[in-house]
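>>> this one's structure only:
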């Protein structure tokens, strides 16, 4: 447990010092504040403004940042992992679990730090057309999407030894997934479809079961990605 | 009691490269074991399997009597490991890194601070304690690695090329440190190809070649084997008469010598003790009336013995292969196909390692 906490603390420290994290946060906060000002002065609808923010700012920027941060979780340390960490009293499971919790936790922390104040300001300054439960559900669905992306990044990170190609693989997978899901007849799971439905979700105009279905699918995919990361890493030669 | 016991340890990478070939190794508690071998002989792979960083393709390894696997952090808690040319998180300083190692080991913060301060002084990194690791030289990295390996005061210390990248002063200091660390209940395994280091600190030695231990035994025995039969004398006076009578020192064909000015390097191929041969050389000096300037065994004897063992192994390998091939040819004429699987592979009948 001690080793797990030490690695967790070490990794969280690394993430908070990272320039990618700082830039990510800045790129989310500045447009959010700008949109609040615009929504206030132009009397914009809260649901539409939040949806635009997600489509043009939060989703694309977060996808890039999360892909880089998560796919570098283990591959980014491939040169020091055995010499400095795993040759000490750490089990593989402790190491990968600490990485998962740290990277997923950091992703959700940044998301929450941006989304909660933004929602509050939207409710206060924009034209009120969204319901609290709808907004909460919408944000949770989006959080599940980003969590899955982080989990996918970690599983790629376990299998690859270089961080940059791993990040590219994750980003390409996201881009290709839409077409693949269309081909498979499952367009409702694609990130584009989920994001497109968000204004209605914020206004509570979509069926709850549809959102719960998306939530369940992405949670399941996240669990599969994380479980495979642990299994693969436990069997890997370092 | 054996701290490390490896049986038929085999590692094949991607079904392409055989790194370890049924390696057997035993290291006794409290010994300083030198694992010597050329580059690519399997030293580092052996260590990585010993630490559970890699899984063996076949065979097993037990450390402190328990089977080592990647999940055995409890065993690794008792091991300190210094890899060859170690890498560390570059943004850290020696202090923050050693603190991190201490927290992984479950040490409380104050205890870790005391220990890291002591170790940084011991490895001569106290003045660089606040510098970022990314600016460190190879030697500094090795010294930091040594400090990290010692953080938990381990019972077993595994050092892979501990003097690699060090300047002569650093090398001497490291050797002294290893000497100080040895003894008591601590076991040390050192992989190196610098034989002088092995000779200085090791109590036991193992020679590894092509993934197999081809010799293992006490250092004393290695020294005895090394020195056997080689005497160098430097003389003045009637050196011609001395030279003429060298062949009379032992049976015909049992002596080789080489003359370098006034120095004669006489190699005895017989099996009698070196003291007996030295006695004969001194008698010859006496008889021929030459002046003896010095008499000694050669300075690079351990290296000679090491190379000799490698050469022997290579030669025996060819002989084994030839014997195996002839057996195969003879058997194919007389035996049905189903019986072919009973033929031993080239290595199966060989066991030259006296201690294994």
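Received it, and whenever you're ready, just let me know what you need. All values reported here derive from a predicted model rather than from experimental measurement.

>>> how about the contacts made by the residue nearest in space to the middle of chain A?
For chain A, the residue nearest the mean C-alpha position is residue A:146 (2.5 Å; CA atoms, centre = their mean). Contacts here follow CB atoms under 8 Å, 6 or more residues apart in numbering or on different chains; on that basis residue A:146 touches A:62-63, A:66, A:107-108, A:111. Just so you know, the C-beta spots here come from the backbone N, C-alpha and C atoms, and that holds for glycine as well.

>>> can you rerun that using 7 Å?
For residue A:146, the contact set (CB atoms under 7 Å, 6 or more residues apart in numbering or on different chains) comprises A:62, A:66, A:107, A:111.

>>> quickly find the element holding it.
Secondary structure assignment for residue A:146, by DSSP states H and E: helix A:132-159.

>>> now the element after that helix, going C-ward?
Taking DSSP H and E, what comes next after helix A:132-159 is helix A:163-183.

>>> quick check: angle from that next one to helix A:132-159?
130 degrees (axes from the mean of the first three to the mean of the last three CA atoms, to 10 degrees).

>>> pLDDT on whatever helix or strand comes next after helix A:163-183, on average?
Note on helix A:163-183: by DSSP H and E, the next helix or strand toward the C-terminus is helix A:191-196. Average pLDDT, helix A:191-196: 84.

>>> pLDDT score for residue B:282?
Note for residue B:282: predicted pLDDT of 90.

>>> and the residue nearest to it when sequence neighbours are not counted, backbone torsions?
Spatial nearest neighbour of residue B:282, excluding adjacent residues (CB to CB, 6 or more residues apart in numbering or on different chains): residue B:295 at 7.2 Å. Comment: the main-chain dihedrals of residue B:295 come out as phi -140, psi 130, following degrees, to the nearest 10.

>>> ok, what's across the strand from residue B:295?
For residue B:295, the beta-bridge assignment (DSSP bridges) gives partners residue B:233.

>>> wait, what's in contact with it?
B:231, B:233, B:281.

>>> go with 10 Å
Counting by CB atoms under 10 Å, 6 or more residues apart in numbering or on different chains, residue B:295 touches B:231-235, B:264, B:278, B:281-282, B:285.

>>> then residue A:167?
Residue A:167 touches A:64, A:66-72, A:75-76, A:153, A:156-157, A:160, counting by CB under 10 Å, 6+ apart.

>>> and residue A:54, by the same measure?
A:60, A:62, A:115, A:138-139, A:142, A:194-195, A:198-199, A:202.

>>> need the residues of chain A near chain B, please.
Contact residues, chain A versus chain B (CB under 10 Å from any CB of the partner chain): A:1-7, A:9-10, A:13-14, A:17, A:77-95, A:233-238.

>>> pLDDT below threshold where in the chain?
Went with chain A since none was named. Filtered on pLDDT under 70, chain A yields no residues whatsoever.

>>> wrong one, I was asking about chain B
For chain B, the ranges with pLDDT under 70 are B:184, B:223-229, B:270-271, B:297-356.

>>> go again with 50.
Low-confidence segments of chain B, defined by pLDDT under 50, span residues B:299-300, B:334-356.

>>> and the helix or strand in which residue A:115 is found, what other elements does it pack with?
Assigning secondary structure by DSSP H and E places residue A:115 in helix A:92-125. The criterion is 3 or more CB pairs under 10 Å, 6 or more residues apart in numbering or on different chains; DSSP states H and E, and the helices and strands that helix A:92-125 contacts are helix A:2-17, helix A:19-42, helix A:46-53, helix A:59-71, helix A:132-159, helix A:208-235, helix B:73-76.
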